[in-house]
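*Asks:* This is a predicted model, with the sequence first.
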Amino acid sequence: MTDDQLFLRSKVIIEPLVDRFFAWPYTLAPVQAAMNLANLQVPLLESYLQSPQVHVAASNNPDLRGGYFINIAEERADEVRDLLAAIKRDRADMLRFAEAIAAGQELLRANATGFDLTPLYPKLPPELGGLVELAYDTDNQAQIRFLEPLVYKSGVYQDSRQSVQLSLETGIERPFILSTPRLPSPDVLELGLPFRHEGLEELFKSRVRPTTLDHLREALELDDTQAKQLSGLLTHSSSQAEDRHIEAGGRIRYFGHACLVLQTPEAAVVTDPFISADSSAGDRYTLDDLPDRIDLVLITHGHQDHIVLETLMQLRGRVGAFVLPRSSRGNLADPSMALMLKAQGFPVIEVDDFDEVEFPGGRITATPFLGEHCDLDIRAKSTYWAELAGKKIFIGADSSGIEPQLYRYIKEHLGTADLAFLGMECDGAPLTWLYQALLTIPVTKKMSSSRKLSGSNADQAAAIMTELGAKEAYVYAMGEEPWLGHVMATTYTEDTYQIKQIAEFLTWCKGRGIKAGHLYGQQEWRW
């Protein structure tokens, strides 16, 4: 078998890990990773060790779905204890860096009163030296600005924290990614490699181009046991869909959640790739349905369900460029996704509002994104306007219609959209659910609950459509699809507020002759 031409099996899943926790921007970008490690992950491990049975019971309680509980059986508590000890030993510099951030912010709160900030630099914790700038805004509010490119060059960023687990999709929902670390398992191939390792790119290219076990063994630096495990993840036949390319016109396919694949015979563009590996399901497009070559991957924002490393890593080597919204450069809540992906070996293009990126036969324009980030100063978020094969498509992601006039400007600048894709998770999680680890001043539950990760409700979605004048409107599934429960941890019924709001919006569209739909599973548009 070592010389046979082999493909990676369709149902292979990848879990990219950082200190055994699932990788997403706030566990990967160094400043935010330090804060999450110190203020969320270490306390979470300590809490589990105090009462493993409580964590396991809570993890399996439907009413507590998406809560911060570790779903690891009590008999493996010693492994969790070893993980915690290793983190405290090996990541001591990161933990001190997180403490230094809190101390630096307290220094500013106590001493930055509108006067010269220069005397405060010597008083900063030494861990911040050379990696931050102190600055006022025009209202004399002081802040620490992180020199993020330098932090990637410092000891705070350690790609030795990274590893990858490979296994076969079982159909059983994986534990929630934001809370449960991944321990070793006999049926999982462990690769202690950084994400940028060239061997990983070689492995994932074998989804579309055959290779040999010998080649992959050398590329991935495997021992005999690992090579044997890898052989079980390979197959002699390709499972790629025959209709993954088109010969004429244009096509859009909905791959689930916020993922669209826009195609012409000459080009392909993918938005927010979060794609199932399970080709046996039959009710959704999977990795097998992707075109062999992708010109652009568009990322709308940095939430864990939109920049999904387990999918992105499998596309590296097949993509011309990953298009990412520009961050605010140094804001604690707003890491640069471009820097983060570049550090993992991805080719990136960073865009600001109304920047244009061309591809063969078409053009992408970055457009503004409002709300959905709990009123934090997060600017690394973008909607997109795609033009291909004679159609104009507005890709709205989770942007909110809180200020409808914005969409009037988009229409004036770019014209009338043929199709608009909108997000309507209109009762999202509170501020502290995703951002607690970055807050160095406690907020009240009432305050946190008033600031949510919410997209448009029915009125706001209607306002967007009124201003855009789009001919068709489609609402993304919002974590309703069962295959993404490990990331979304959401549960809806027909009586859920969000579902009722979508129904209200669809009724509004019908009354105005706008073709509309609530997306789920696979759907296709051709022209």
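*Replies:* Thanks, I have it.
*Asks:* Contacts only, for the residue nearest to the spatial centre of the chain.
*Replies:* With distances taken as Cα atoms, centre = their mean, Ile307 lies nearest the centre of the chain, 2.3 Å away. Counting by Cβ atoms under 8 Å, 6 or more residues apart in numbering, Ile307 touches Trp24, Pro25, Asp272, Ile299, His301, Met337. All C-beta atoms are positioned from the backbone trio N, CA, C, and that covers glycine.
*Asks:* Counting by contacts, list what the lowest-mean-pLDDT helix or strand in the chain packs against.
*Replies:* None of the helices or strands of the chain scores lower by mean pLDDT, DSSP states H and E than helix 485-488, at a mean of 94. If contacts are counted by 3 or more Cβ pairs under 8 Å, 6 or more residues apart in numbering; DSSP states H and E, helix 485-488 sits against no helix or strand.
*Asks:* Please save the CA atoms from the very next helix or strand once past that helix in PDB.
*Replies:* From helix 485-488 onward toward the C-terminus, using DSSP states H and E, the following helix or strand is helix 497-511. Listed next in PDB are the C-alpha coordinates belonging to helix 497-511 (Å, rounded to 0.1, in the frame of the first residue of the first chain):
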ATOM      1  CA  TYR A 497     -38.100  33.900  18.900                       C
ATOM      2  CA  GLN A 498     -35.500  33.800  16.100                       C
ATOM      3  CA  ILE A 499     -37.500  31.400  14.000                       C
ATOM      4  CA  LYS A 500     -40.600  33.500  14.400                       C
ATOM      5  CA  GLN A 501     -38.700  36.600  13.300                       C
ATOM      6  CA  ILE A 502     -37.500  34.800  10.200                       C
ATOM      7  CA  ALA A 503     -41.100  33.700   9.400                       C
ATOM      8  CA  GLU A 504     -42.200  37.300   9.900                       C
ATOM      9  CA  PHE A 505     -39.500  38.600   7.500                       C
ATOM     10  CA  LEU A 506     -40.500  36.000   4.900                       C
ATOM     11  CA  THR A 507     -44.100  37.100   5.100                       C
ATOM     12  CA  TRP A 508     -43.000  40.700   4.600                       C
ATOM     13  CA  CYS A 509     -41.000  39.600   1.500                       C
ATOM     14  CA  LYS A 510     -44.000  37.700   0.100                       C
ATOM     15  CA  GLY A 511     -46.200  40.700   0.500                       C
END
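*Asks:* Now do the strands for the stretch 351-500 of the chain: every range, in order, please.
*Replies:* 356-359, 362-367, 383-388, 391-395, 419-422, 472-475 (DSSP state E, counting those that start in this stretch).
*Asks:* For Lys123, which of the ones you listed is the nearest?
*Replies:* Across the strands of the stretch 351-500 of the chain, Lys123 has its closest neighbour in strand 362-367 (40.2 Å, Cβ to Cβ).
*Asks:* I'd say Arg174 and His486 touch.
*Replies:* Yes: between Arg174 and His486 there is a contact under Cβ atoms under 8 Å: 3.8 Å.
*Asks:* What residues of the lengthiest helix in the chain count as buried?
*Replies:* Identified as the longest helix of the chain according to DSSP state H is helix 92-111. Residues of helix 92-111 classed as buried: 94-102, 104-105, 107-108 (neighbour count, 16 or more other Cβ atoms under 10 Å).
*Asks:* Next SSE downstream of that helix?
*Replies:* That would be, after helix 92-111 and using DSSP H and E, strand 132-136.
*Asks:* pull the CA atoms of that next one into PDB?
*Replies:* This file holds the C-alpha atoms of strand 132-136, laid out as PDB (Å, rounded to 0.1, in the frame of the first residue of the first chain):
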ATOM      1  CA  VAL A 132       2.500  48.300  23.500                       C
ATOM      2  CA  GLU A 133       1.800  51.900  23.000                       C
ATOM      3  CA  LEU A 134      -0.200  54.100  25.400                       C
ATOM      4  CA  ALA A 135      -2.600  56.500  23.800                       C
ATOM      5  CA  TYR A 136      -5.700  58.700  24.400                       C
END
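*Asks:* separation between Thr383 and Tyr407?
*Replies:* 10 Å (Cβ to Cβ, to the nearest Å).
*Asks:* meant to ask about Val323, not that
*Replies:* Distance from Val323 to Tyr407, by Cβ to Cβ: 21 Å.
*Asks:* Where do the helices of the stretch 401-527 of the chain begin and end?
*Replies:* Per DSSP state H, counting those that start in this stretch, the stretch 401-527 of the chain carries helices over the ranges 405-414, 431-435, 445-450, 458-468, 485-488, 497-511.
*Asks:* Serialize those to CSV and add fields for distance to Ile14 and mean neighbour count.
*Replies:* Below are the helices of the stretch 401-527 of the chain laid out as CSV (distance: least, Cβ to Cβ, whole Å; neighbours: other Cβ atoms under 10 Å):
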stretch, distance to Ile14, mean neighbour count
helix 405-414, 36, 16
helix 431-435, 23, 20
helix 445-450, 33, 13
helix 458-468, 34, 22
helix 485-488, 13, 20
helix 497-511, 30, 17
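*Asks:* Looking at those, which is nearest to Ala248?
*Replies:* Using Cβ to Cβ, the helices of the stretch 401-527 of the chain put helix 405-414 closest to Ala248, at 25.5 Å.
*Asks:* just the angle between the closest one and strand 383-388, please?
*Replies:* 30 degrees (axes from the mean of the first three to the mean of the last three Cα atoms, to 10 degrees).
*Asks:* quick one, what contacts Ser448?
*Replies:* Pro430, Leu431, Thr432.
*Asks:* Which pLDDT does the model give the first one?
*Replies:* Pro430 is assigned a predicted lDDT (pLDDT) of 97.
*Asks:* separation between it and Ile499?
*Replies:* 20 Å.
*Asks:* do the same with the second one
*Replies:* Leu431 sits 24 Å away from Ile499, taking Cβ to Cβ as the criterion.
*Asks:* Also the last one?
*Replies:* As defined by Cβ to Cβ, Thr432 lies at a distance of 25 Å from Ile499.
*Asks:* Show me where this structure dips below the pLDDT cut-off.
*Replies:* 1-2 (pLDDT under 70).
*Asks:* mind redoing it with 50?
*Replies:* Within the chain, not a single segment meets pLDDT under 50.
*Asks:* From the contacts of Ile307, pick the one nearest Leu287.
*Replies:* Nearest to Leu287 among these, with distances taken as Cβ to Cβ, is Asp272, at 14.8 Å.
*Asks:* so the closest one makes contact with Thr300?
*Replies:* Yes: counting by Cβ under 8 Å, Asp272 does reach Thr300; the two are 5.6 Å apart.
*Asks:* what sits in contact with each of these two?
*Replies:* By Cβ under 8 Å, 6+ apart, the residues touching both Asp272 and Thr300 are Ala258, His306, Ala397.
*Asks:* Could you dump those into JSON lines and include distance to Thr466?
*Replies:* As requested, the shared contacts of Asp272 and Thr300 are arranged in JSON lines below (distance: Cβ to Cβ, whole Å):
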{"residue": "Ala258", "distance to Thr466": "22"}
{"residue": "His306", "distance to Thr466": "26"}
{"residue": "Ala397", "distance to Thr466": "19"}
